[in-house]
Structure formats: C-alpha cells, structure tokens
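Student: Following is a predicted model, sequence given first.
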Amino acid sequence: MEYRQFGRSGLKVPVLSFGTGTFGGTNEFFQRWGQTDVAEASRLVDLCLEAGVNFFDTADIYSQGASEEILGQALKGRRNQALISTKATFPVGEGPNETGSSRYHLVRACEASLRRLGTDHLDVYFMHGFDALTPVDETLRALDDLVTAGKIGYIGASNFSGWQLMKALSTSERHGLARYVAYQGYYSLIGRHYEWELMPLGLDQGVALMVWSPLGWGRLTGKIRRGQSAQGGRIASGGAEGGPPVSDEYLFGVVDALDAVAAETGRSVAQVALNWLLSRPTVANIVVGARNEEQLRQNLGAVGWSLSQDQVARLDAASQETPTYPYWHQKGFDARNPKPTVW
C-alpha cells in the first residue's frame, strides 16, 4: 500500500480508504447503498487492515448514526491500528440547532460521534457542507477548541465551493486557528469539475483531496455499457438518486475508453478508473466502498501498478468536457495561468 502526505500536515494516509456508507442501511436511501451488519463489517475491516488500508471514513448522517456504531464495533480492540474520519453539518434531528456548523451543534455532534464510534478521538473531522448562516470564525474556533482538547486530530472540508474553502483558510491563517488540511470531494472520470477551481486551490494552499464516489456514483463499475441496462449493483437498485446527471453518450464514450485500457492492462474497468485518479494532482486518498468481500478485493487491485502516459491521455480525451465560465475563457491565457491538468 502506498501512503501519501495528507495536505499541509504531518499525517500520512494510505491512497485508499474504506467508506462505510454501506454500513447499516437503516432507511430507504441508505438501503440502496448497502445493509452491512457488524459481522460482515468486521470481516471487511479485517481485509482492509491486512491490505494496509487503515483509514475508515463515515459520517453522522449515514443511516442515522448506525454506520458509525457498526464501524466502532468492527474496530473494537484495534482502534490504535486505524485512522477514522467522520463528518458533521447536515441535519441529525428536527430541532433548529441539530444542523449546521455552529459551535453549539459541532460540540454536541462531535461528542455523539465519539460515543457511537466507541473512541476518545477522531483522526479527521470534516465539515460535510458549508454553513452560510454560521460565521466562518465561529466554526473554526469551535474546531480549534476540539483539536486543543484532543478530541480531533485534523480538520477538513467537504463539498465547499472554492471561495468558501479559501475564506476558511484565510480565517485560520489570520487568527492562528486549525486549518483544513484536506478536502473531501466528488471527482471521477465522468465528473472532472473539481479540476477547474478546487484543484488549483489545493495545489496553491496545500489542501489534499480525499475523493468520494470515485466510480461516478456507481456508473464506472463495468456493469453499465452501451446498449445494456445496469447489471446489478447500486445503480440497478435505484442508487443513482442524488447523484450528478450524466448523459448516456458521454458516459458510454468514457466506458468505451475504459474498456480498451482495461483490455490492454488486464485490469477491470473499475480498477482502471481508480488508478487514473491516483495519477491526478492533489489526490492523497480515494474512498472506496464495498457491499461484500469480492467488491473490496476488486477495489484493492487498483493499487500497485500505473497507467502509461498514453493510456492516461486517452482517458483524459474521452472524459474531456467544455468548462463553464470563467474557466473556458482562462484557457486562452495558459501561458500565464497554466492548468494542473488538461481539460
């Protein structure tokens, strides 16, 4: 397993982490992701640790906290072997203060996550989204206090716009507060918008990327091809709900390119899609999920090898999209405003 620096911090993380959104399945939405119980979760955690995947990602809203509870039980007796990240901000109840990134909510949300996970500290605590109603310095001061208290190791942001992340980083620098070292965001061969604004920001500010949904909301597993309906998996069970819209023609063009590279490398479509991400700037970690051992073993096969430059270039070309303004305009000034990737 390869380990990379986690942004502007001293922490090293494996390039793959295990996402536990499939744990629990206590409501209709998360049932589509999976319904892994403690016994199966323990076996998946065993396989992860054996492979060097010692980083586990969850969130307080996943199955109303059941994901955290199951992960905590699966790691019982071996917490010191693992890194755990979880998230807060989204609603966890009906009350007006049971949501957001206020000091009131974050302190209580952190304590609740610690209880469910059965641990006394979180290695990484992500803000799951940007709360525009709470002053940025209030959020960061609350997080800084939790870091000082030893309840959080590092903090991160997820699903922020570029200006929101930059404002937070500036506030941390101005007041000497803990800063976001990582950004957890959507990035895949059929969703490359991260490259337009957030990737250059990450390079400039030392913010690592932790990729969620690296297989494009289940569309790049190899189970969806031109002229075929989804053959099992999350998409077939209705799991595309909430995901980004992707036109069939664009999707199938990318899958065709993936199929060709997979045949050349002797790897699966999913393994090629994951390996492509590992070659991208700022990527420190990819969150992979699995409903069973076979899916997990397949995902683990994405590391330990590399695509050729020609193969990367062909995948880049197949997945290229016209960027929105002002990014299409900036492409005409590349000599003074170079881009970290070709798009």
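Tutor: In hand now; what should we look at? This one's a predicted model, so the numbers in the text were calculated from it and none came from an experiment.
Student: what's the closest non-adjacent residue to residue 172?
Tutor: In space, residue 172 comes closest to residue 179 once its chain neighbours are excluded; the distance is 3.8 Å by Cβ to Cβ, 6 or more residues apart in numbering. (Each C-beta comes from the backbone N, C-alpha and C, glycine too.)
Student: now what about stretch 313-331, what contacts it?
Tutor: 189-190, 192-193, 196-197, 250, 253-254, 256-258, 260-261, 272, 276, 307, 337, 339, 341-343 (Cβ atoms under 8 Å, 6 or more residues apart in numbering).
Student: Which ones among these lie within helices?
Tutor: Using DSSP state H, the subset of these located in helices is 250, 253-254, 256-258, 260-261, 272, 276.
Student: which residues of this protein score low on pLDDT?
Tutor: 229-241 (pLDDT under 70).
Student: about what we covered before: by neighbours, which of the ones in helices among the contacts of stretch 313-331 wins?
Tutor: residue 258 (27 neighbours; other Cβ atoms under 10 Å).
Student: so who does that residue touch?
Tutor: Residue 258 touches 189, 220, 222, 269, 272-273, 315, counting by Cβ under 8 Å, 6+ apart.
Student: try 6 Å this time
Tutor: 269, 272 (Cβ atoms under 6 Å, 6 or more residues apart in numbering).
Student: ok, so what distance separates it from residue 251?
Tutor: 10 Å (Cβ to Cβ, to the nearest Å).
Student: For the most centrally placed residue in the chain, give the beta-bridge partners.
Tutor: In the chain, the centroid-proximal residue (Cα atoms, centre = their mean) is residue 212; its distance is 2.6 Å. With DSSP bridges as the criterion, residue 212 is bridged to residue 186.
Student: Residue 180 too?
Tutor: Bridge pairing for residue 180 - DSSP bridges - gives residue 155.
Student: Quick check, it in contact with residue 157.
Tutor: Yes. Using Cβ atoms under 6 Å, residue 180 makes contact with residue 157 at a distance of 4.6 Å.
Student: what is in contact with the two at once?
Tutor: With Cβ under 6 Å, 6+ apart, residue 180 and residue 157 have no common neighbours.
Student: got the buried residues for stretch 132-145?
Tutor: 134, 136, 139-145 (16 or more other Cβ atoms under 10 Å).
Student: Likewise for stretch 303-322?
Tutor: Under 16+ other Cβ under 10 Å, the buried positions of stretch 303-322 are 303, 307, 311-312, 314-316, 318-319.
Student: What's the end-to-end length of it?
Tutor: One end of stretch 303-322 sits 30 Å from the other (Cα to Cα, to the nearest Å).
Student: which stretches of the stretch 201-343 of the chain form strands?
Tutor: Under the criterion DSSP state E, counting those that start in this stretch, strands of the stretch 201-343 of the chain are mapped to 208-212, 283-288.
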